[in-house]
Every structure is written in structure tokens, then in C-alpha cells.
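Engineer: okay, sequence plus prediction incoming.
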Amino acid sequence: MSATPLTPAELDQALGELSDWSVQEGQLYASFTLDRATLPALYAAVAAVEDQANHHASVHILYNTITFALDTHDAGGAITALDTALAARLSALAAQHGSRPSGS
Ligand SMILES: C[C@H](O)[C@H](O)[C@H]1CNC2=NC(N)=NC(=O)C2=N1
């Protein structure tokens, strides 16, 4: 998978399959709300997937909401297929841990 910036059309197409995600300030962005007790397990799973992909999200946790922001540093902060691929995996992990999208 390449660190080539997605074109606007490619990004729109990818977002069509990433219903939890939006573009905010040039990054892919998603928030999930879940039981606080499951947050540690979710983050452990996120970290493992990130390390396997060698691609890492900005993660913010506030009470029962975890927010991810993704762009590709190696592409000057553009959104690439590395980001959209990881976004799909993060959505799946959040769902597996009983989350619900908490919107933007
Ligand atoms: C050296 C290492 O391969 C790079 O720093 C990887 C690690 N994780 C990364 N994460 C993100 N979001 N963007 C990158 O360009 C990136 N590059």
C-alpha cells in the first residue's frame, strides 16, 4: 500500500465505505462511545493493529469517548490508502468492543 495522497475522488469513494469517518481539518476523523471499562482492551487491540500496519492514529480519550484522527506523516500529512485501510480496521475493532459512533 502506498503513501501517495488520495485524489478528492478517491477520498470520496473511500468515505463511502467508511460510514463512521469524516474529514476534518485534513484528517480522517471518527469518534466512538463505549463502556469505559472496555476502553483499555480496545486501545490494546488498536495498538496491535497499528504496529502490524506500521501506521498510527492520533488517539484522544475523554471519559467514554475515544477519537481517532488519521493522516500520513510520510506524505506530508495527506490522507492516503494507509489511512483509509487503518480506519476500516479501527471501526471494526470499535464495533467488536461494543462501541457506537458518537458522531463528529
Ligand atoms: C518509520 C516508520 O515507518 C514511520 O514513522 C511510520 C510509522 N507510523 C506512521 N503513522 C502515520 N500516521 N503516518 C506515517 O507516515 C507513519 N509512518
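Structural biologist: Right, received. Where do you want to start?
Engineer: and for residue 8, the neighbour number?
Structural biologist: Counted with other CB atoms under 10 Å, the neighbours of residue 8 add up to 9. C-beta: built from backbone N, CA, C; applies to glycine.
Engineer: can you give me the strands for this protein?
Structural biologist: Applying DSSP state E to the chain gives strands spanning 22-24, 27-33, 58-62, 65-70, 100-101.
Engineer: could I get these as TSV with distance to residue 94?
Structural biologist: TSV is the format used below for the strands of the chain (distance: least, CB to CB, whole Å):
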stretch	distance to residue 94
strand 22-24	15
strand 27-33	4
strand 58-62	12
strand 65-70	7
strand 100-101	8
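Engineer: and the ones you listed: which comes nearest the ligand?
Structural biologist: strand 65-70 (6.1 Å; CB to the nearest ligand atom).
Engineer: what's the angle between the closest one and strand 58-62?
Structural biologist: For strand 65-70 against strand 58-62, the angle by axes from the mean of the first three to the mean of the last three CA atoms, to 10 degrees is 170 degrees.
Engineer: return the distance of strand 65-70 from the chain's centre.
Structural biologist: In terms of CA atoms, centre = their mean, to the nearest Å, the centre of strand 65-70 is found 6 Å from the chain centre.
Engineer: ok, back up a step: out of the strands of the chain, which is the most enclosed?
Structural biologist: strand 27-33 (a mean of 21; mean count of other CB atoms under 10 Å).
Engineer: so residue 66 touches residue 43, yeah?
Structural biologist: Yes: look at residue 66 against residue 43 with CB atoms under 8 Å: they come within range, at 7.4 Å.
Engineer: separation between residue 73 and residue 82?
Structural biologist: 10 Å (CB to CB, to the nearest Å).
Engineer: follow-up on the earlier one: as a markdown table, the strands of the chain with distance to the ligand would be great.
Structural biologist: As requested, those are exported to a markdown table (distance: least, CB to the nearest ligand atom, whole Å):
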| stretch | distance to the ligand |
| --- | --- |
| strand 22-24 | 15 |
| strand 27-33 | 9 |
| strand 58-62 | 8 |
| strand 65-70 | 6 |
| strand 100-101 | 21 |
